[in-house]
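Student: The sequence isn't on hand, but the structure is:
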C-alpha cells in the first residue's frame, strides 16, 4: 500500500551559495554503488586510497590524514577539542562566524581563550598576532583561512612562522579553502587543519577531511586526559585509519565512496588547474558584477575566488531577490550572517559550480531581477562584461 | 588525463554481519538525487517529513525527534553527553561492547558512573537494578536494548517503571533494535533514545535517529553549563530541526534523502509486518543452524531476531570460515568482539537483509564450508530445516 508521504523529488538547483555546492554527477553515481562492510578488505583498501588522495589535496605527507565521520563542523570540533586541554591558553582569530565558532568550541573544551578580533571582511596581518603571542604565550593559535561568512582570504604562511617562533601550534580552518585556493600544509607548516566535502570538492556534505602533523599528534598523545568526546577522539580515529584498523565506529560507507570519486576528479584535473579555474570564473563574475555596480566586501587582495561576498545595492530587497532567484531561475545564493544580514550576498563558485554556465546564468538572472526592481536601467551589461573577461583570459 | 587511482567498483556483497546491512535499491537511488541547499524550502519540508516518519518509527509524539549528523555512535554521544552533567550519578548497564561505550562516554562527560554488570549474552532483570537505584540514586540510567556484540534482547518496559519510580531518566540504545523489534518510546516511557541508519533501516551508515521526551528536554535545558560538544549540542540541534530553523551546521543532504526513503519503505510495509518479517527469517535461520548443531549464545527468550549470536563449533577456525564466506560466496558475517573473539559468530538479518534468499544462501554456504572442514558429515540438513520452517510459518 502506498505510504502517505510521497518519494522525494528534489528540484534541480544551481547552488551558488556558501555551500553545499553542486555535486558532480560522477560523485552521485559513486555514492549509489552497492554497500560493503566497513571492515571489508575492499573498503580498507579504499580508505588507504582516500588517505593518499587527501594527502595530495592538502599537500602534506602527514600520516594522520583522514576523514572525520561528520560534516565540516565535526572536523572543526575534532581538531580544536583534541588540541585544547582544560586550562590551555588559546588564541583565536575572530573576524567572522567561523572564528567565533572556533572560540566557542575551544571554550567548551576548557581552553582559556583569547579572542583576537578584526572587523568582518578584513584579515589578520602577522603584526596583529605579535602582541597576543607575546602576552598570552598560547599553546594553540587557530585561524580561518577562508571565512565563509565574509569571503575574506587569510594569508597563512607568515602567520605560521610567527606562531611556531612563539612555540605554539597552528590550527587552520580550510572548510571553504580546500580545492579552491592553494592549501600548503607542509610548506607553510600548518600543524592541524580541517575541511568539509560540500564546498570546493563537489561532494555532498557528510565528511570532514582533517590532517595533523607529528607535532600535533604528539600533543594529542601527551594529553593528561582524553578529550571529552569519544566520537571525535583523534587518537582513536587515527588507530582506526592507521595500520591497526582498530574498530571505532561504523564509517559512513557510501559517503566515503562519494569522497573517493570527488578527490579523483580534483586530482585528475590537477590542483593547480583547479585553482586557476576557480580564479578564472571569479574574475568573470567580478567583471560582471562591477558592470552592474555591485561591490565586493573584502579588498581585492583578500577576496576568495570561490566565495564572493558582495554588498546588496541600496534600495534592493535581499529576500525578494534571493527568493526570485530560487523560484524563477532555480539559483541559490547565500544571504549575510550576523552584521551582514540583509546587507551582503554570498556567491559561491565552488568545485563543480565554478563553471562558465553558473556565472553567466547568475548574472543574467540577477540583472533581470535588479532591472525589475529599477535598481539598474538596462540589462545585459553584466553578462557582456563577464563574456569579455572570459575572452581576455 | 587518467588519475593513478581507478574509480571505485565495490563488489556486491550479502551483508549478514552486525551492520552495515544491505541497502535497499530505492534508498541508493534516492541518495543519488540532485542536491539542494540545506535551507532550501524543499529541504526544510523534507526535514519535517523525516521527523514525522521518525516519530512513527519510534512510536512517539516527542517533538524533539530528529537525526544527528553522524553515525550511530554520534547519536549515542549526543544522547548521553547532553543528559550527563559533571558530577551526576549515572547507572549504566554493561553486558557487552555498547554498554561499555556508554559508560566511557558518560565518564568523559563528567558523570560519576556506576557500572551494573551482567555476563555477556545475558540481560538485566528489574531486580538487578533495584539495589543500584536505591544506593546510587542516579540522575540517568542507560541501557542497551539490542546488544550488537552479544545478540541479547533487553526488555525495557519494567525497567522503565523502576527507573521512573526512582526519579531518574531512562536512556536507551536502540541502534540495532529500531525497525527490527518493537521500540515503544511513549508506551514504555523511554526518556531518550538513539539509533543508527545502517542496521534494520536498510540505509547506509551516516545518520543517527534520536528522540527526547519533554522530561529529557527539560533536563537538557536546565543544564548548569552547555555540553562539552558544540557539534552534538542537543539544544542547538533541536532549534535547527524545530520551527526556528536556526542554522547550526550543514546537514548531510544526500544521506537525509536516503533516510527519507528508508523510512518510507519501512512504514509502507508497516512496522508490525516488518517485525514479523524479521522474526520469520530468524526462525528459519535458527531451525537451519540447529540442524547443523550450531547453538545460540543468548537464551531463547532473549534472542534478537535481527542479530543471531551463535557459538562457533569446536575445531572450526573462525577466520578461515569467515574469509571463505566472503571470498567464495560474497557473504559477510561478523566475528566476536572482546571475550567472544574467535568463539562467536554474529549473523545479522536486518532490514533489507531479512529475506529468504539471505537465510538459504548463508546456510548453504556455511554447510559447504563446515563439510569441507569435516565439522559436519553431510550437507543439506540446514537448508532443509530452514525450508520446512518457512513452510510451517
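Tutor: Sure, I can see it. Keep in mind it's a predicted model, so treat the numbers as computed, not measured. Residues are numbered from 1 along each chain as shown, chains lettered A, B, ... in the order given.

Student: which residue sits closest to residue A:269, ignoring its sequence neighbours?
Tutor: residue A:277 (7.5 Å; CB to CB, 6 or more residues apart in numbering or on different chains). (C-beta placed from N, C-alpha, C; glycine too.)

Student: Would you agree the one you found falls within a helix?
Tutor: Yes - assigned with DSSP: H, G, I helix; E, B strand; the rest coil, residue A:277 falls within a helix.

Student: is chain B contacted by stretch A:252-265?
Tutor: Yes - interface with chain B: stretch A:252-265 contributes A:252, A:253, A:254, A:255, A:257, A:258, A:260, A:261, A:264 (CB under 8 Å from any CB of the partner chain).

Student: and the residue nearest to residue A:269, how many neighbours does it have?
Tutor: For residue A:277, the count of nearby residues is 19 (other CB atoms under 10 Å in any protein chain shown).

Student: Just the pLDDT for it.
Tutor: If you check residue A:277, the pLDDT there is 98.

Student: Then residue A:193?
Tutor: On pLDDT, residue A:193 comes in at 98.

Student: how about the nearest residue to it, chain neighbours excluded?
Tutor: Per CB to CB, 6+ apart, closest to residue A:193 is residue A:172, 4.7 Å.

Student: The one you found belongs to a strand, doesn't it?
Tutor: Yes - looking at residue A:172 with three-state DSSP, it is inside a strand.

Student: What separation do you get for it and residue A:145?
Tutor: Residue A:172 sits 5 Å away from residue A:145, going by CB to CB, to the nearest Å.

Student: number of nearby residues for whichever residue of the stretch 51-200 of chain A sits closest to chain B?
Tutor: Nearest to chain B in the stretch 51-200 of chain A, going by CB to the nearest CB, is residue A:73, at a distance of 4.1 Å. By other CB under 10 Å, the residues close to residue A:73 number 23.

Student: Please apply the same query to residue A:267.
Tutor: Neighbourhood size, residue A:267 [other CB under 10 Å]: 17.

Student: And it, what's its pLDDT?
Tutor: The model reports residue A:267 with a pLDDT of 98.

Student: next one: residue A:1
Tutor: 62.

Student: Repeat that for residue A:244.
Tutor: 84.

Student: can you confirm it is in a helix?
Tutor: No - per three-state DSSP, residue A:244 lies outside any helix segment and is coil.

Student: so how many other residues sit close to it?
Tutor: 9.

Student: And for residue A:70?
Tutor: Here the number of neighbours of residue A:70 (other CB under 10 Å) works out to 29.

Student: Point out the residues in the stretch 251-393 of chain A that sit beside chain B.
Tutor: Counting by CB under 8 Å from any CB, the positions of the stretch 251-393 of chain A adjacent to chain B are A:251-255, A:257-258, A:260-261, A:264, A:267-268, A:326, A:332, A:337.

Student: If we use 7 Å, what do you get?
Tutor: With CB under 7 Å from any CB of the partner chain as the criterion, the stretch 251-393 of chain A meets chain B at residues A:251, A:252, A:253, A:254, A:255, A:257, A:260, A:261, A:264, A:267, A:268, A:332.

Student: picking that back up, quick one: residues contacting the residue nearest to residue A:193.
Tutor: A:143, A:145, A:156, A:190, A:193 (CB atoms under 7 Å, 6 or more residues apart in numbering or on different chains).

Student: Residue A:65 now?
Tutor: A:51, A:54, A:55, A:58, A:211.

Student: ok, for it, nearest residue in space, not its chain neighbours?
Tutor: residue A:211 (4.1 Å).

Student: correct me, but that neighbour touches residue A:59?
Tutor: No - using CB atoms under 7 Å, residue A:211 is not in contact with residue A:59, being 9.7 Å away.

Student: who touches both of these two?
Tutor: Residues touching both residue A:211 and residue A:59 (CB under 7 Å, 6+ apart): residue A:185.

Student: Can you pull out the low-pLDDT segments for the stretch 251-393 of chain A?
Tutor: Across the stretch 251-393 of chain A, no stretch falls below the confidence threshold (pLDDT under 70).

Student: Helices along that one, start to end?
Tutor: Taking DSSP state H, counting those that start in this stretch, the helices of the stretch 251-393 of chain A run over residues A:253-269, A:271-291, A:318-329, A:356-372, A:381-392.

Student: for those, which one ends up most surrounded?
Tutor: Neighbour counts (mean count of other CB atoms under 10 Å in any protein chain shown) averaged over each of the helices of the stretch 251-393 of chain A peak at helix A:253-269, with a mean of 24.

Student: Give me the helices and strands touching that helix, please.
Tutor: Applying 3 or more CB pairs under 7 Å, 6 or more residues apart in numbering or on different chains; DSSP states H and E, one finds that helix A:253-269 contacts helix A:25-31, helix A:41-58.

Student: Check those helices for me and report the most buried one.
Tutor: The most buried one of those (mean count of other CB under 10 Å) is helix A:25-31, showing a mean of 21.

Student: hmm, that helix touching chain B?
Tutor: Yes - applying CB under 7 Å from any CB, one finds helix A:25-31 touching chain B at A:28, A:29, A:30, A:31.

Student: what sits against the nearest residue to residue A:274 once chain neighbours are set aside?
Tutor: Excluding the flanking residues, the one nearest residue A:274 by CB to CB, 6+ apart is residue A:266, at 5.5 Å. Taking CB under 7 Å, 6+ apart, we find residue A:266 in contact with A:57, A:179, A:201, A:274.

Student: try residue A:70
Tutor: Residue A:70 neighbours (CB under 7 Å, 6+ apart): A:208, B:69, B:70, B:74, B:231.

Student: residues near the last one, how many?
Tutor: Think residue B:231. Look at residue B:231: counted by other CB under 10 Å, it has 31 neighbours.

Student: Could you name the specific helix or strand carrying the nearest residue to it once chain neighbours are set aside?
Tutor: Spatial nearest neighbour of residue B:231, excluding adjacent residues (CB to CB, 6+ apart): residue A:77 at 4.6 Å. Using DSSP states H and E, residue A:77 sits in helix A:72-83.

Student: moving C-terminal of that helix, what's the next helix or strand?
Tutor: Scanning forward in sequence from helix A:72-83 by DSSP H and E, the next helix or strand is strand A:89-94.

Student: Of all the residues in that following strand, which ones are buried?
Tutor: Buried residues in strand A:89-94, counted by 16 or more other CB atoms under 10 Å in any protein chain shown: A:89, A:90, A:91, A:92, A:93, A:94.

Student: And those residues, which is closest to residue B:134?
Tutor: The closest of the buried residues of strand A:89-94 to residue B:134 turns out to be residue A:90 (CB to CB; 44.0 Å).

Student: Need the pLDDT of that closest one.
Tutor: 98.

Student: Contact partners for the nearest residue to it once chain neighbours are set aside?
Tutor: Counting by CB to CB, 6+ apart, residue A:90 lies nearest to residue A:111, which is 4.1 Å off, once chain neighbours are set aside. By CB under 7 Å, 6+ apart, the residues touching residue A:111 are A:84, A:88, A:90.

Student: Helix, strand or coil: sort out residue A:114 for me.
Tutor: The assignment at residue A:114 comes out as strand when based on three-state DSSP.

Student: And residue A:229, by the same measure?
Tutor: Assignment for residue A:229 (three-state DSSP): coil.

Student: contacting residues around it?
Tutor: Residues in contact with residue A:229, defined by CB under 7 Å, 6+ apart, are A:81, B:77, B:228, B:229.

Student: And the last one, what's its pLDDT?
Tutor: Spelled out, it's residue B:229. Looking at residue B:229, its pLDDT reads 98.

Student: likewise the first one?
Tutor: We note a pLDDT of 98 for residue A:81 in this prediction.
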